[in-house]
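*Asks:* Any chance you can model this:
(2 chains)
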Amino acid sequence: MTMAAVDADRQRSAARAQLTSVVGVAVVGTTASGKSSVALAAAHAVPALELASVDAMQVYRGMNIGTAKPSAAEQAAVRHHLIDLVAHTDLFTLADYQAAMRAAVADVADRGRRVIAVGGTGLYLRSVVDGLDLPGQWPELRDELEGNRDVAGLFAQLSALDPVAASRMEPTNHRRIVRALEVCLGSGRPFSSFGPGLDLYPAEGVTQLGLRWPRERLVERIAHRVRAMVDAGLVDEVAQLRQRGPLSTTAGQALGYPEVGDYLDGRCSLDEAIDATTLHTRQFAVRQERWFRRDPRIQWIDVEHDPVEECLPTLMRLLNP
RNA sequence: GGUCGAGUAGCUCAGUCGGCAGAGCAUGCGCCUGAAAAGCGCAGGGUCACCGGAUCGACGCCGGUCUCGACCA
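*Replies:* Numbering: from 1, shown residues only, chains lettered A, B, ... in the order given. Presented below is the predicted three-dimensional model:
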């Protein structure tokens, strides 16, 4: 091992030690699982405890109802991090989140406090919890590769440059192949050299608590939540956002926003927009379940009625061992 | 009441000359390190409305019944 590598290793373990001492617990689960209310209840009950959102969409200012962002009152009562970081017209990506979360953790540590991380964006959480070493970006290369629709040809090229990376993805996944090639060609290093992949789960790290519902109950909760969002003014929120500028590529993927946009543009009825949002949210929740259940480190609680009642005692115990 | 059309997977629909029942979506499962609320793959699922007939063989042809739709009265 080179001296630089030893230094990097030492830095990594120091960062990890700070992370695990500051982030008491990460609360995970699907959308509409009730994880936020459980974390908020814990923050009220434990002194010097703050919350850190692990959510790809709550980072956008003005996107409040559709992202189920904590209310102003909740944010006034308990300090929340990683919310309202950028405008809805801005791009925001994994690396931005990782940097912002690290800064938040350092800030919380400086003030001698702790946070609970709460959220459902699995990759964002892992980028922090497992200290993923994210390769850089080479936008001009990516644009060029993206223009090439010959997916089989791109996959062949990746297989030649980085067989390990190629073996980790489907030969038809254009976006992942383009990204891997962008990194190989841009950095001059194999994409796979940046990490062992997502299939390894280091045992040491942040304690993770997961909320899990029976599928039928989750489906009901999602349908109910989407209707509640519309009742709370989601249509107005989308209309006002669009007046202040188009949603960025990343912000525009927030569930409910394109669907309501279609309604505002007269392409569908409000009921159709609601149905589409409900369906897409349900499919997203299932993808979240599939992501989180791979992680053997998560301690699961099967919720049946009241998330706070059923999960708070366990969360308190994990916070104060 | 009459004429015509339709009835095939949870839904919308293909199905050539009579020869092993198909697609998209949905559902289930899996994959994915800078779009992740994104992207990709695999799988399960059928009394071809029902009853009878001709045929080696029927989703398909013949006869009848039921349901839905349109038109006529």
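
*Asks:* Provide a list of residues in contact with the nearest residue to A:Ala273 once chain neighbours are set aside.
*Replies:* With sequence-adjacent residues excluded and distances taken as CB to CB, 6 or more residues apart in numbering, A:Ala273 is closest to A:Tyr263, at 4.0 Å. C-beta coordinates here come from the backbone N, C-alpha and C atoms, glycine included. For A:Tyr263, the contacting residues are A:235, A:269-270, A:272-273, by CB atoms under 8 Å, 6 or more residues apart in numbering.

*Asks:* Just the buried ones from these, in PyMOL syntax?
*Replies:* Buried residues among the contacts of A:Tyr263 (16 or more other CB atoms under 10 Å), as a PyMOL selection:
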select buried, chain A and resi 235+273
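
*Asks:* mind putting the contacts of A:Tyr263 in JSON lines, pLDDT and secondary structure included?
*Replies:* Listed next are those as JSON lines, based on pLDDT from 0 to 100; DSSP: H, G, I helix; E, B strand; the rest coil:
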{"residue": "A:Val235", "pLDDT": "98", "secondary structure": "helix"}
{"residue": "A:Ser269", "pLDDT": "92", "secondary structure": "coil"}
{"residue": "A:Leu270", "pLDDT": "95", "secondary structure": "helix"}
{"residue": "A:Glu272", "pLDDT": "93", "secondary structure": "helix"}
{"residue": "A:Ala273", "pLDDT": "96", "secondary structure": "helix"}
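
*Asks:* Quick one, grab the pLDDT at the residue nearest to A:Asp84 when sequence neighbours are not counted.
*Replies:* Nearest non-adjacent residue to A:Asp84, counting by CB to CB, 6+ apart: A:Arg61, 4.6 Å away. pLDDT recorded at A:Arg61 is 97.

*Asks:* ditto for A:Ser13
*Replies:* With respect to pLDDT, A:Ser13 scores 75.

*Asks:* and it, how many residues sit next to it?
*Replies:* Other residues near A:Ser13 number 11, with proximity taken as other CB atoms under 10 Å.

*Asks:* That one: which element?
*Replies:* Element membership of A:Ser13, judged by DSSP states H and E, is helix A:3-22.

*Asks:* mind checking the backbone torsions on the residue nearest to A:Ala273?
*Replies:* Dihedral pair for A:Tyr263: phi -60, psi -50, per degrees, to the nearest 10.

*Asks:* do you know how far it is from A:Ser269?
*Replies:* Applying CB to CB, to the nearest Å, the value for A:Tyr263 to A:Ser269 is 7 Å.

*Asks:* Tell me the buried residues in the helix holding A:Ser13?
*Replies:* Applying 16+ other CB under 10 Å to helix A:3-22 flags A:16, A:19, A:22 as buried.

*Asks:* Kindly report the same for stretch A:76-96.
*Replies:* The neighbour-count check on stretch A:76-96 (16+ other CB under 10 Å) flags A:78, A:80-90, A:92, A:96 as buried.

*Asks:* got those residues as TSV, with distance to RNA strand B columns?
*Replies:* Listed next are the buried residues of stretch A:76-96 as TSV, based on distance: CB to the nearest atom of the strand, whole Å:
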residue	distance to RNA strand B
A:Val78	19
A:His80	14
A:His81	16
A:Leu82	12
A:Ile83	10
A:Asp84	13
A:Leu85	12
A:Val86	12
A:Ala87	14
A:His88	12
A:Thr89	14
A:Asp90	11
A:Phe92	6
A:Asp96	6
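
*Asks:* In helices, which of those appear?
*Replies:* A:Asp96 (DSSP state H).

*Asks:* ok, which pair from the buried residues of stretch A:76-96 is furthest apart?
*Replies:* Using CB to CB, the two most remote members of the buried residues of stretch A:76-96 are A:Val78 and A:Thr89, lying 28.6 Å apart.

*Asks:* For A:Gly29, which residues are in contact?
*Replies:* A:Gly29 neighbours (CB under 8 Å, 6+ apart): A:35, A:120, A:210-212, A:288, A:292.

*Asks:* So which residue is dead centre in chain A?
*Replies:* Using CA atoms, centre = their mean, the residue of chain A that lies closest to the mean C-alpha position is A:Thr121, 2.1 Å off.

*Asks:* Counting by contacts, list what the helix or strand where A:Trp300 lies packs against.
*Replies:* Using DSSP H and E, the element containing A:Trp300 is strand A:298-302. When contacts are defined as 3 or more CB pairs under 8 Å, 6 or more residues apart in numbering; DSSP states H and E, strand A:298-302 packs onto strand A:207-212, helix A:307-319.
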